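*Asks:* Build me a model from this:
(chains A and B)
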There are 2 protein chains.
Amino acid sequence: MPTPAPARYAALADDLAASITRGTLLPGERLPSIRQARLRHGVSITTVLRAYSLLESRGLIESRPQSGHFVRQRGVSMPARGVAELPMSQPQGGSAAVDVSRLVLSTLRAIGSDAAVPLGSPYPDPSLFPHARLTRHAAAAGRRQPDHAITGQLPPGDPDLIHQIVRRYLAHGTTVDPKEVIITIGATEALNLCLQAVARPGDVVAVESPTYYAMLHAIERMGMRALEVATDPHTGIDLAALERLLRHQRIAACMVMPNFQNPLGFQMPEARKRALVALAARHGVPIIESDVYQALHFGDVPPTSLKTYDTQGVVLHCASFSKSLAPGYRIGWALAGRYRDAVEKLKFLNTLATPAIPQRAIAAYLNTGGYDRHLRRLRRTYAQQGRLMRAAVRRFLPAGTVMSQPMGGYVLWVRLPEAVDSLELYRHALEHGITLGPGYMFSATPAYRHYIRLNYSYAWSPRIEQALATIGRLAARFA
Amino acid sequence: MPTPAPARYAALADDLAASITRGTLLPGERLPSIRQARLRHGVSITTVLRAYSLLESRGLIESRPQSGHFVRQRGVSMPARGVAELPMSQPQGGSAAVDVSRLVLSTLRAIGSDAAVPLGSPYPDPSLFPHARLTRHAAAAGRRQPDHAITGQLPPGDPDLIHQIVRRYLAHGTTVDPKEVIITIGATEALNLCLQAVARPGDVVAVESPTYYAMLHAIERMGMRALEVATDPHTGIDLAALERLLRHQRIAACMVMPNFQNPLGFQMPEARKRALVALAARHGVPIIESDVYQALHFGDVPPTSLKTYDTQGVVLHCASFSKSLAPGYRIGWALAGRYRDAVEKLKFLNTLATPAIPQRAIAAYLNTGGYDRHLRRLRRTYAQQGRLMRAAVRRFLPAGTVMSQPMGGYVLWVRLPEAVDSLELYRHALEHGITLGPGYMFSATPAYRHYIRLNYSYAWSPRIEQALATIGRLAARFA
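*Replies:* The predicted model follows:
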């Protein structure tokens, strides 16, 4: 039996490395099993093992016990040399009062008000969702349950839905105690209750920069102050910067979005998630995590959450079905760790009960199967449309434009030349029947005035391409 | 033509007065028209006119322009001589921090958890509600609206539902600007948003004594303080006492329930409603009004609300369909006067959007008719069951027991002998599979420790009668 030629495994490793660099293999994606690779490439098992080992030593892939080999998170998120990329953000020091909701509401109204091209929408294209099946389940739940008394709907929520939620965490390797789950009116209410459980008006809350405005809304609602922390567009909040801040001032809580952050689209590497939770535990600071895009990963492997690494109960994890299954049902939940009882009490005070029928409809849908198939289709669609959107931005937007490299979700974050004011651009685009997300929505400061957020969940069409061309023309005029 | 014999109109007046005293004619009820009375009693129009005029001068009835003659609110609420009645409450001075939600939640859970006799429930018997029709409307709304995007559901709420709500106010003589209506997750969210719009943590909020715990919950949620004001069990909050307090301290808001207050069941007389609004306007204090039982009046004429008399926009009016139509749908609304924009913004921050399908289902139900017929049935049932409950309390509860005289709604407030602790009674009753509302839920202080609230919305049955007998036996043991 011939010893495998050194050239052979090195060539295989180079091929795979090229696939990773090109993005054919995405971060988090599982490589073919040893057996599959052997058949596919017509090589021996030993060759495959050596190739994989070489890629590991180059830091491109990692092996996970009993799971196989995976493209490392940093692998693809590092752009090829020569391609401009977004730098680490550098927010100004100091906390700020927050007042973004008026702008966000007026933007959302413009999106909802007519047939505008919905590039500014924060919501997924509803046409991809299984409405008909959910409606049937809701009607059946309404008929089955003649007793609509509220006493049966008090927090924490519908037991069947809680069971289904716990089952899904377990399928992804996270064990959740059913008693910890509290059903809420979307993730919005979950974030609000979690923040109110750990901080008081006037308190300082650390957030990413840029940050999802859902975080800013929760801070604004309670009259707290936002402290924006430097954030890497590929790996998330800068742990060293956060730790420096924690050492020098009282920070009541930290709010982050580790998976497919809105607007940056990064997936925080697993090691950093673990380190962030450890940092929070060390400083006794609760971390509120929004994980509403968890199911929308482009890699093969569903990402873990901060909750997965939380042994101390310092993570308050918030999620919902609004971005992945039933946008209009307003069903979310909180896993609030050691703050669970406080969050449950605030839920009771805030809205008394979450309506039963949408909860039961979703539970029935999850129970009868089909959700994973729906999600696979959604992920495939978003990944493909994300590539098209990036290509269109490259083609139509002015020189000097730089954009994010989303690893999941359905939004792209675009930095325009500095002279472009995103609100001015927004208003002119609106006159052409086009919406976009002005960068002002993502900070308590005007730091992102020349950034915009674009939604790529809607089916790619000449109309969308035309809208990008129009945005490009307008931006060029202001630039 | 003979002059009407003086004896004749006086005799008719006496007959009618006796009907009023006996409760055959209820407060707020309309007397027969002149023509009807003439035919019914076989007398001349002049005789009827004189009799009505005499009753007016005795303060038993009042005439309303273009509406007819009505039994005055105080008419029946004044008990016959010799019958013990609840006195004006005398809360201790000073505001208090609030912490009642834990007790309320555990009580509600006990009610919802099994087949306990629901005398402690704050909710109406769901079997009287048109679930099947609502479910059909909800299913149709789900099918008709394939697009479940949230952008179409942003505050203020579904335009069709808002139109139906405004139409109902108009039918009762109150003109509401559709632009003022903000749809919420039940009246609970409406109360919370209204209070948050006008007061800050630590602020003092004046409430009735006893007060509906929904008010206490809103105060507790924001870390405010409750100031309980003397309240007449027949006419509501003591305006003189309130004015004295307003003169001597900063009060950020006043929260009241003028119609069929929970737990007292009074209907604030119209003149007092007007005076309360004027007092608030004079002192620049916003008044938050919960009007969730408005449709459940025992008299013929629907009561007005504080909102009806508000020319300055100082009234923040909160209501819902939870107590009259669709308990499980969690659809309420706020009419927040001059605070409308602040409340809308807080709604957006708090829960983003109210689910569309329940809003559309209720709008369709209201549009197709049948709601008034449903309400008439509900009112008749509650009025009758209220009489049965009062009789049972008189029969089974120990000597020294005194109770409210509800003029609408479905709860009775019962003062037991002082030695009885309502929580102890509650716990023992629970062992017998019976729930009741302990008085502790209705104050930030233990002032109502020997009071209980009983729900009479459930169809009267030997089981309920037996439960009253058991409560009576337990109370006698503690007394």
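*Asks:* Now name the helix or strand holding A:Arg141.
*Replies:* Quick fix: residue A:141 reads Ala, not Arg. helix A:131-144 (DSSP states H and E).
*Asks:* and that helix, what does it pack onto?
*Replies:* helix A:356-368, helix B:131-144 (3 or more CB pairs under 8 Å, 6 or more residues apart in numbering or on different chains; DSSP states H and E). Heads up, the C-betas are built off the backbone N, CA and C, glycines and all.
*Asks:* relative orientation of the following helix or strand past it and helix A:356-368 in degrees?
*Replies:* Downstream of helix A:131-144, the first helix or strand assigned by DSSP H and E is helix A:159-171. Interaxial angle of helix A:159-171 relative to helix A:356-368 (axes from the mean of the first three to the mean of the last three CA atoms, to 10 degrees): 40 degrees.
*Asks:* Could you point out the longest helix of chain A?
*Replies:* helix A:371-396 (DSSP state H).
*Asks:* elements contacting that helix?
*Replies:* Using 3+ CB pairs under 8 Å, 6+ apart: helix A:371-396 touches strand A:411-415, helix A:462-478.
*Asks:* most neighbours per residue, which of these?
*Replies:* Among those, strand A:411-415 has the highest mean neighbour count (mean count of other CB atoms under 10 Å in any protein chain shown), at a mean of 25.
*Asks:* can you redo the helices and strands packed on helix A:131-144 as TSV with mean neighbour count and distance to B:Pro201?
*Replies:* Formatted as TSV, the helices and strands packed on helix A:131-144 follow (neighbours: other CB atoms under 10 Å in any protein chain shown; distance: least, CB to CB, whole Å):
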stretch	mean neighbour count	distance to B:Pro201
helix A:356-368	22	32
helix B:131-144	19	38
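*Asks:* A:Arg247: how many residues sit nearby?
*Replies:* Applying other CB atoms under 10 Å in any protein chain shown, we find 8 residues neighbouring A:Arg247.
*Asks:* count of residues packed around A:Leu25?
*Replies:* 24.
*Asks:* quick one: it and chain B, what's the gap?
*Replies:* Using CB to the nearest CB, to the nearest Å, A:Leu25 is found at 34 Å from chain B.
*Asks:* swap in A:Asp177?
*Replies:* A:Asp177 is 19 Å from chain B, by CB to the nearest CB.
*Asks:* Skipping its backbone neighbours, what lies nearest that residue in space?
*Replies:* A:Val166 (7.9 Å; CB to CB, 6 or more residues apart in numbering or on different chains).
*Asks:* before we move on, what about A:Arg272?
*Replies:* Among residues not flanking A:Arg272 along the chain, A:Thr235 sits closest, at 5.8 Å (CB to CB, 6+ apart).
*Asks:* Could you do A:Thr445 as well?
*Replies:* With sequence-adjacent residues excluded and distances taken as CB to CB, 6+ apart, A:Thr445 is closest to A:Ala96, at 6.0 Å.
*Asks:* for A:Thr311, same thing?
*Replies:* With CB to CB, 6+ apart, the residue lying closest to A:Thr311 is A:Ala281, at 7.7 Å.
*Asks:* which other residues reach the helix or strand hosting the one you found?
*Replies:* Per DSSP H and E, A:Ala281 falls inside helix A:270-283. Outside helix A:270-283, the residues that touch it by CB atoms under 8 Å, 6 or more residues apart in numbering or on different chains are A:73, A:235-237, A:239, A:242-243, A:246, A:254, A:256, A:258, A:268, A:286-287, A:303-306, A:308-312, A:314-315.
*Asks:* ok, 7 Å please
*Replies:* Residues outside helix A:270-283 that contact it (CB atoms under 7 Å, 6 or more residues apart in numbering or on different chains): A:235-237, A:239, A:242-243, A:246, A:254, A:258, A:287, A:304, A:306, A:309-310, A:312, A:314-315.
*Asks:* Drop anything exposed from those.
*Replies:* Neighbour counting by 16 or more other CB atoms under 10 Å in any protein chain shown classes A:235-237, A:239, A:242-243, A:246, A:254, A:258, A:287, A:304, A:306, A:309-310, A:314-315 among those as buried.
*Asks:* Identify the farthest-apart pair in those.
*Replies:* The most widely separated members of those are A:Leu246 and A:Thr304, with 23.2 Å between them, by CB to CB.
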